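A.B. asks: When you get a sec, could you give me coordinates for this:
(2 chains)
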Amino acid sequence: MDSRPSRFLPRRLALGAAALSLLAASVFSQMALADEANTTGLAVTDTEVTVGQLHSATGTMAISETGSIQAERLAIEQINASGGILGRQIKIIQEDGASDWPTFAEKAKKLLVGDKVAAVFGCWTSASRKAVLPVFEKENGLLYYPTFYEGLEQSKNVIYTGQEATQQILAGLDWIAKEKGAKTFYLIGSDYIWPRTSMKIARKHIENVLGGEVVGEEYYPLGNTQFGSLINKVKLKKPDVVFTAVVGGSNVAFYKQMKAAGVTSAKQTLLTLSVTEDELLGIGGENMEGFYASMKYFQSLDNPNNAAFVEAFKAKFGKDSVIGDVTQAAYLGPWLWKAAVEKAGSFDVDKVAAASPGIELTTAPEGYVKVHDNHHLWSKTRIGEVQKDGQFKVVFESDLIEPNPFPKGYQ
Amino acid sequence: MEWLSEFGAIAAMQGFNGLSVFCVLLLMALGLAIIFGQMGVINMAHGEFLTIGAYTTYVVSVLTEQYAAFFGPYYFFLAIVLSFFIAGAIGWLVEWAMISKLYQRPLDTLLATWGLSLVMQQAFRSIFGAREVSATLPEWLMGSWNPTEAIDIPRNGLFVMGLTVLMTGMIFLMLYRSRWGLQVRATVQNRVMSRAVGINTKRVDRMTFALGCGVAGVAGAAFTTIGSTGPTAGSLYIVDTFLVVVFGGASSLLGTIASAFSIAQAQSLMEFFMSGSMAKVFTLSAVILILMLRPQGLFSIKVRK
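C.D. replies: All right, here's what the predicted structure looks like:
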């Protein structure tokens, strides 16, 4: 009807459109940066990328997980100080799994769905990892898991920065068989999945490869504090080697009672899978002096990477702090993630996961590591001898060992 | 012949082990036997009072090393005495602030003390850190004593044994030979009547609870020689402790001793012939079976219902 107002409309529209498109161009050009590196809606801005940390800061497992929390924080701090990842600073959201497996799953969901974190560094026990695994696979998250564990697992959504069982066990057994001429073995563990799986692998290796004999295999409930009968059985069987995977408070009780019963390194060779510098704090170096541990990392490793790492760790967390195998493995997590993100040029979980195999770190405190196609790390295994001051003396170092989470003939 | 002597040595050591486990069980249960047995308070925080003793020992050990190294070999005695008083004092406070309000509601004390145990665990974690610590134990306590070439008797086991005998003796004297013990037993049997004859039952309750906690502290200090010191170390003992006290018959100290002895012997013997987990299963099954047949436990005081 009245055509007057509409006379101006086209021009106005044109002006408006021009202004809008100018605005949009500037916005989009900025967004394009973020978009390219983040097509799946993760919590990534132009200046910041958010990651999650999921460990037990409270409850029974806090004993073990404290070191991992510290090491991951240190690594992230160092990465931020050196310019961050793809120009972005890393921001941490820390959640507490509280030593309770359902809580771990719940918090994992919160981090992935609520906070949209680009990666999670976390878990310690296999139980907590098994609890969060379905969440990570469903929500397509990325978990860096630091603990040496029983193997028999592989997921596109998990990078395992600790050793799987065969890496830790076989090299240790080979060394002790060769070095000490060991033929008879007594296997002792806490009664849950990791020691049982580890001992199964150890038994196959001893019987089929080393031609030795297992003269006893025993499991004690978690938290058991009385080992007198067991120690007498060991004395009766006189094995060349006692091979142990006892954990938690039991660990301390076991070694204190071994010493009290006169089973010291002068009379008995012992190789353990479950004592790091962390555990030695509780056991007391004097109670385990001369026994051996099979690990991929010891604080006393003599190389420039490790010297720098130990110094930085002590500067941040106090001069009395100790660094165990898992703490070092946890430290690798953020660095491996950084390398993979930079290789992929993206924070997208699928791209980072795809870029991970083949990633190498030459700056790792343990020396050179490389991510295998199966998402575990190639690593060396070392044998450490317990010293009175709670440190280990490295007496043997293997070649780089391929991770083999599903070992044929060992299951 | 050599085989026989070796068998003899193992048998001797295994026999000692049974006695040693018995003493450990008894020592950890004594405090609870007083609190649960005499007062009927289900103290779920018993384990944490053990932990107080353990941390006290640790602190004394560290301080000795720093300031009085010459005292080193003997600090352990001081630690035990201090553990008794510190754990006792905290027990006194807990009774005053919490337990005394709940005597009419025994099941609520179960929840309240369980909550207390969680609070205490986190407090240990905040104060001493989440990691386990270890007190440097004097040389004379660690290692073994060799009566013959083949026999190793753990010295810490001997020590715990001696301490257990001492503590049990003292508690017996206090309960059955002292005026305070008389008051405690009177209060247990008939609270209203005791009050009527002029016994301050509130004070008796408080002292009894504090004593039980103090004894737990001593046990905790002694257990640093055989076990771990960490925020949750006490929880390792709590199940066994209740097992011993309930199995023995709640209100009988003699029952506690008999129960600790039978559980320890059964456990120690079975562990020798089967794996630790299975031994535990059989021990627990036997205890459950006996409690089904005799719900009042091994020993019980006859009362008119």
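
A.B. asks: where in the chain is pLDDT low?
C.D. replies: I went with chain A, as the question did not name one. Applying pLDDT under 70 to chain A flags the ranges A:1-35.

A.B. asks: if you could check chain B rather than the one you did, that'd help
C.D. replies: Checking chain B against pLDDT under 70 turns up B:1-4, B:250, B:301-305.

A.B. asks: List the contacts of the one residue in it that gets nearest to chain A.
C.D. replies: Closest to chain A within chain B is residue B:132: 2.9 Å, counting by Cβ to the nearest Cβ. All C-beta spots, glycine's among them, are computed from the backbone N, C-alpha and C. Residue B:132 sits next to A:63, A:249, A:252, A:279, A:281, A:282, B:228, B:229, B:230, B:233 when contact means Cβ atoms under 8 Å, 6 or more residues apart in numbering or on different chains.

A.B. asks: In stretch A:276-291, which residues are buried?
C.D. replies: By neighbour count with 16 or more other Cβ atoms under 10 Å in any protein chain shown, stretch A:276-291 contains the buried residues A:276-289, A:291.

A.B. asks: cool, and stretch A:158-178?
C.D. replies: For stretch A:158-178, using 16+ other Cβ under 10 Å, the buried residues are A:158-177.

A.B. asks: And the closest residue to chain B within the stretch 1-150 of chain A, how far from residue A:175?
C.D. replies: Proximity to chain B, evaluated over the stretch 1-150 of chain A using Cβ to the nearest Cβ, is greatest for residue A:62 at 3.6 Å. Distance of residue A:62 to residue A:175, given as Cβ to Cβ, to the nearest Å: 33 Å.

A.B. asks: what's the answer for residue A:343, then?
C.D. replies: In terms of Cβ to Cβ, residue A:343 sits 35 Å off from residue A:175.

A.B. asks: can you map out the helices along chain A?
C.D. replies: Taking DSSP state H, the helices of chain A run over residues A:4-37, A:62-81, A:101-109, A:126-138, A:165-180, A:193-204, A:228-237, A:249-260, A:277-283, A:304-317, A:325-344, A:349-355.

A.B. asks: Tell me where chain B has strands.
C.D. replies: Along chain B, counting by DSSP state E, strands occupy B:144-145, B:153-154.

A.B. asks: Name the residues of the stretch 1-150 of chain B found near chain A, please.
C.D. replies: Residues of the stretch 1-150 of chain B found near chain A (Cβ under 8 Å from any Cβ of the partner chain) are B:6, B:10, B:13-14, B:17, B:20-21, B:24, B:122, B:125, B:129-134, B:136-137, B:142-144, B:146.

A.B. asks: can you list the domain ranges for chain A.
C.D. replies: A:48-163+A:302-379, A:166-295+A:384-397 (automatic domain parsing).

A.B. asks: Compile those domains into CSV and extend it with columns for distance to residue B:244.
C.D. replies: Below are these laid out as CSV (distance: least, Cβ to Cβ, whole Å):
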stretch, distance to residue B:244
domain A:48-163+A:302-379, 23
domain A:166-295+A:384-397, 13
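
A.B. asks: thinking residue B:60 is in contact with residue B:74, fair?
C.D. replies: No. The criterion here is Cβ atoms under 8 Å, and residue B:60 misses it with residue B:74 at 10.8 Å.

A.B. asks: between these two, who's got more neighbours?
C.D. replies: residue B:60 (22 against 12; other Cβ atoms under 10 Å in any protein chain shown).

A.B. asks: mind listing what that one touches?
C.D. replies: Going by Cβ under 8 Å, 6+ apart, residue B:60 touches B:75, B:78, B:79, B:82, B:135.

A.B. asks: same deal with residue B:201?
C.D. replies: Contact partners of residue B:201, counting by Cβ under 8 Å, 6+ apart, are B:187, B:191, B:194, B:195.

A.B. asks: So what's the residue count around the second one?
C.D. replies: Counted with other Cβ under 10 Å, the neighbours of residue B:191 add up to 15.

A.B. asks: That one: what's it in contact with?
C.D. replies: If you count contacts by Cβ under 8 Å, 6+ apart, then residue B:191 has residue B:201 around it.

A.B. asks: Next: the third one.
C.D. replies: With contacts taken as Cβ under 8 Å, 6+ apart, residue B:194 has the following neighbours: B:183, B:186, B:187, B:201, B:204.

A.B. asks: Next, give phi and psi for the residue nearest the centre of chain A.
C.D. replies: The structure's chain A has its C-alpha centroid closest to residue A:146; by Cα atoms, centre = their mean the separation is 0.4 Å. Geometry field for residue A:146 lists phi and psi as phi -90, psi -10, criterion degrees, to the nearest 10.

A.B. asks: distance of it from residue A:103?
C.D. replies: 19 Å.

A.B. asks: Check residue A:41 too.
C.D. replies: Residue A:41 is 26 Å from residue A:103, by Cβ to Cβ.
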